[in-house]
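Asks: sharing a model that was predicted from the sequence below.
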Amino acid sequence: MKFLTVDNSAEIIGAPYKGRMLINGELCDAQSGDQAERRSPAHDVVVGLYPNAARADAVRAIDAARAAFDEGAWPNMSARERADVLLKVADGISARVEEMALIECLETGKPLTQARGEVSGCVDLWKYAASLARNLHGESYNTLGESHLGVVLRQPVGVVSMITPWNFPIWILSQKLPFALAAGCTAVIKPSELTNGTTLMLGEILLEAGLPKGVVNIVTGLGPAVGQPLVGHPKVDMVSFTGSTRVGRLIAAEAGAALKKVSLELGGKNPQIIFPDCDWDAAVDAVVFGVYFNAGECCNSGSRILVHKDIAERFTQAVIERTRQVPVGDPLHPDVKVGAIISETQMGGIQAAIDEAREAGATISLGGERHGTEPGLYIQPTIVTGVTSDMTIAREEVFGPVLSVLTFESVDEAIALANDTCYGLSAAVWSKDIDVCLKAARKIDAGTVWVNTFLDGFAELPFGGFRDSGLGRELGRHAVEDYTEQKTVQLHIGERTNWWLPK
Ligand code: NDP
């Protein structure tokens, strides 16, 4: 398997980015002065220096967001004015794509080319949210009889905490923040301690765009110290979380006890179903892309394929051959498609999942080993065959470049296998038979079903999961509404006649 290196990586990496938090309109350090450093998982050099905040810093940020919502101009200004700010932020991101892509690449280990696409893609999300801001409206009922008019208002929900993970840091934040701002909410954000860089750069951009003080606050630090108050504090009205199902459950329990609104985007064990009449080359390519994109560290990773028995051997062989061509290596190399794994902990988890599959009786048909030279954290693209639905590798997220191959004999069996996990995030069907595609699309429990394609995404289309994959949807034309409360205003017209007690 190819492994690509870069001779002048130190020159490209340069000096570490020193990020500062954003609290109440000011860039600041932790009150304690504590700092944390982030080392690049591909090169093991320091690439970022960040405040290591404590609970007191998080509470300061929450207080600022509360004051900006209760007393500030943001929730009450016109949608046109809010949209103008969002468009300025979009321009600000556009102007810093290279800088943001480099830090995203260095902190996550993902290819620089991919990071560039991701940061540029965020620009569209901010623009789309700006368009929705001006379309947000309620309802009116002129059908309640002569004496009544009903108006349903949409009001911002209040202070929203956003807790984000390390796999697509700026993209996932851009699926949340501009939509909450469009609604008139204020926010407190905690990025993953592994990938603070682009979120803090966004803080700088928000200031330059003229966002009023306290509307967005960013605190950096560990989940239990900084994330927990963002969930439990009584001044927070809603929590929007993306990350593991385990932490999602904790957050939902705590937010539920306080009856706060929660939005959760969690894990997936997403199947691609391959029928014998598929467009062969396109399906092989999509399977390889689907599982190795972002080194498999992706909630939407196509980490299972379900292949019809008649073609299983030949199709799997074709996937193995194509996988051998996937360039792995230094994420700064322009040809690399699979970069480094985020952390030693994640590496250990991936290796343990492969070992467990082997012990359960599956076959490691390709890869399965550490790749490249240390200290870089790389794993070979891996294909596990002979997998059955009862094995952990078929049911649990690996969050690494590991594909499980299962087989089926009928459409019904394929659908049953697709649904045989606790998750329900996404799936794909590959067939030229429209009846088969539509039946599968209807019967698979997933927030997204792709037909003869995989991982395409558009701001217009809602994203989220069934079952353990989460609660609620992001994106789509209702995305701003998720950050609102409805208020019914009932108006009486003319003289009152229906007295409760006789006059
Ligand atoms: P987590 O779910 O632990 O972390 C996601 C975010 O939640 C981080 O910002 C984290 O902070 C924060 N957090 C952690 N604990 C708490 C808490 N008690 N209260 C509030 N916030 C908290 O994911 P990991 O990074 O640990 O990854 C573990 C696994 O999760 C992966 O192997 C993968 O399976 C899955 N995952 C799924 C993602 C998805 O997109 N659905 C994304 C990332 C991971 P911090 O880490 O800074 O302490």
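Replies: Arrived safely, thanks for sending. Residues are numbered from 1 along each chain as shown.
Asks: sec struct for the residue in the stretch 351-500 of the chain that the ligand sits nearest to, please.
Replies: When scored by Cβ to the nearest ligand atom, the stretch 351-500 of the chain has residue 399 as its residue closest to the ligand, at 3.8 Å. From N, CA and C alone the C-beta is placed, and that goes for glycine too. For residue 399, the assignment made with DSSP: H, G, I helix; E, B strand; the rest coil gives coil.
Asks: what's near enough to touch the residue nearest to it when sequence neighbours are not counted?
Replies: Leaving out its chain neighbours, the residue that sits closest to residue 399 by Cβ to Cβ, 6 or more residues apart in numbering is residue 297, at 5.2 Å. Residue 297 is in contact with 108, 167, 341, 342, 346, 399, 400, counting by Cβ atoms under 8 Å, 6 or more residues apart in numbering.
Asks: out of those residues, who's the most crowded?
Replies: Using other Cβ atoms under 10 Å as the neighbour test, the contacts of residue 297 are led by residue 108, with 31 neighbours.
Asks: state the pLDDT value of it.
Replies: The model reports residue 108 with a pLDDT of 98.
Asks: just the closest of the contacts of residue 297 to the ligand, please.
Replies: The shortest gap between the ligand and any of those belongs to residue 399, at 3.8 Å (Cβ to the nearest ligand atom).
Asks: tell me the contacts of the closest one?
Replies: Neighbouring residues of residue 399 by Cβ under 8 Å, 6+ apart: 167, 267, 296, 297, 298, 301, 346, 349, 350.
Asks: make it 10 Å
Replies: Shown in contact with residue 399 (Cβ atoms under 10 Å, 6 or more residues apart in numbering): 167, 244, 267, 294-299, 301, 303, 341-342, 346, 349-350, 353.
Asks: repeat for residue 126
Replies: 85-94, 174, 177-179, 181-182, 202, 205, 209, 459.
Asks: show me those residues that map onto helices.
Replies: 85-94, 174, 177-179, 181-182, 202, 205 (DSSP state H).
Asks: and the strands in the stretch 201-350 of the chain?
Replies: Applying DSSP state E, counting those that start in this stretch to the stretch 201-350 of the chain gives strands spanning 216-218, 238-242, 261-265, 271-274, 304-308, 328-329.
Asks: residue 248: which of those strands is closest?
Replies: strand 261-265 (4.6 Å; Cβ to Cβ).
Asks: run the chain-centre distance for that closest one.
Replies: Its chain's average C-alpha position is 12 Å from that of strand 261-265, according to Cα atoms, centre = their mean, to the nearest Å.
Asks: mind listing what that strand pairs with, with the direction of each?
Replies: Here strand 261-265 has these sheet partners by DSSP bridges: strand 238-242 (parallel), strand 470-471 (antiparallel).
Asks: contact partners of the last one?
Replies: For strand 470-471, contacts defined as Cβ under 10 Å, 6+ apart pick out 241-242, 245, 248, 252, 261-268, 299, 423-425, 447, 463-465.
Asks: out of those, which touch the ligand?
Replies: Subset of the contacts of strand 470-471 in contact with the ligand: 242, 265, 266, 267, 299, counting by Cβ under 6 Å from any ligand atom.
Asks: my guess is the third one contacts residue 468, does it?
Replies: Yes - A contact is recorded between residue 266 and residue 468 when judged using Cβ atoms under 10 Å, the distance being 6.4 Å.
Asks: so what sits against both of those two?
Replies: In contact with both residue 266 and residue 468: 245, 248, 249, 423, 425, using Cβ under 10 Å, 6+ apart.
Asks: give me the buried entries from those.
Replies: Buried by 16 or more other Cβ atoms under 10 Å: 245, 248, 423, 425, out of the shared contacts of residue 266 and residue 468.
Asks: so which of the residues you listed are in helices?
Replies: Judged by DSSP H, these include 245, 248 as members of helices.
Asks: of all the buried ones among the shared contacts of residue 266 and residue 468, which comes closest to residue 283?
Replies: residue 425 (20.0 Å).
Asks: phi, psi of that closest one?
Replies: Residue 425 adopts backbone torsions of phi -90, psi -60, taken as degrees, to the nearest 10.
Asks: list the buried residues in stretch 141-159.
Replies: Residues 149, 154, 156, 157, 158, 159 are the ones in stretch 141-159 that count as buried (16+ other Cβ under 10 Å).
Asks: tell me how far the fifth one lies from the ligand.
Replies: Pointing back at residue 158 there. In this view, residue 158 and the ligand are 19 Å apart by Cβ to the nearest ligand atom, to the nearest Å.
Asks: check contacts around that residue.
Replies: Applying Cβ under 10 Å, 6+ apart to residue 158 gives the contacts 65-66, 69-70, 75, 183-186, 235-238, 260-261, 483-485.
Asks: and residue 87, how many neighbours?
Replies: 18.
Asks: that one reaches residue 131, doesn't it?
Replies: Yes - at 9.4 Å, residue 87 and residue 131 qualify as touching, with contact defined as Cβ under 10 Å.
Asks: ok and the residue in the stretch 1-150 of the chain nearest the ligand?
Replies: Nearest residue of the stretch 1-150 of the chain to the ligand: residue 36, at 9.7 Å (Cβ to the nearest ligand atom).
Asks: now, of the contacts of residue 399, which are buried?
Replies: 167, 267, 294-299, 301, 303, 341-342, 346, 349-350, 353.
Asks: pick the one among the residues you listed closest to residue 2.
Replies: residue 295 (14.7 Å).
Asks: quick check: that closest one touching residue 329?
Replies: No - between residue 295 and residue 329 there is no contact under Cβ under 10 Å: 11.5 Å.
Asks: shared neighbours, these two?
Replies: 111, 337, 338, 339, 340, 378.
Asks: what pLDDT is listed against the second one?
Replies: According to the model's per-residue confidence, residue 337 sits at a pLDDT of 98.
Asks: give the buried residues for the helix or strand where residue 100 lies.
Replies: Using DSSP states H and E, residue 100 sits in helix 97-108. Neighbour counts over helix 97-108 (16+ other Cβ under 10 Å) mark 97, 100, 101, 102, 103, 104, 105, 106, 107, 108 as buried.
Asks: got the CA positions of that helix in PDB?
Replies: This file holds the C-alpha atoms of helix 97-108, laid out as PDB (Å, rounded to 0.1, in the frame of the first residue of the first chain):
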ATOM      1  CA  VAL A  97      -9.500  29.400   3.800                       C
ATOM      2  CA  GLU A  98      -5.800  28.500   3.500                       C
ATOM      3  CA  GLU A  99      -4.900  29.400   7.000                       C
ATOM      4  CA  MET A 100      -7.900  27.600   8.500                       C
ATOM      5  CA  ALA A 101      -7.400  24.500   6.300                       C
ATOM      6  CA  LEU A 102      -3.800  24.200   7.400                       C
ATOM      7  CA  ILE A 103      -4.600  24.200  11.100                       C
ATOM      8  CA  GLU A 104      -7.600  21.900  10.500                       C
ATOM      9  CA  CYS A 105      -5.200  19.500   8.600                       C
ATOM     10  CA  LEU A 106      -2.500  19.700  11.200                       C
ATOM     11  CA  GLU A 107      -4.800  19.100  14.200                       C
ATOM     12  CA  THR A 108      -7.000  16.400  12.800                       C
END
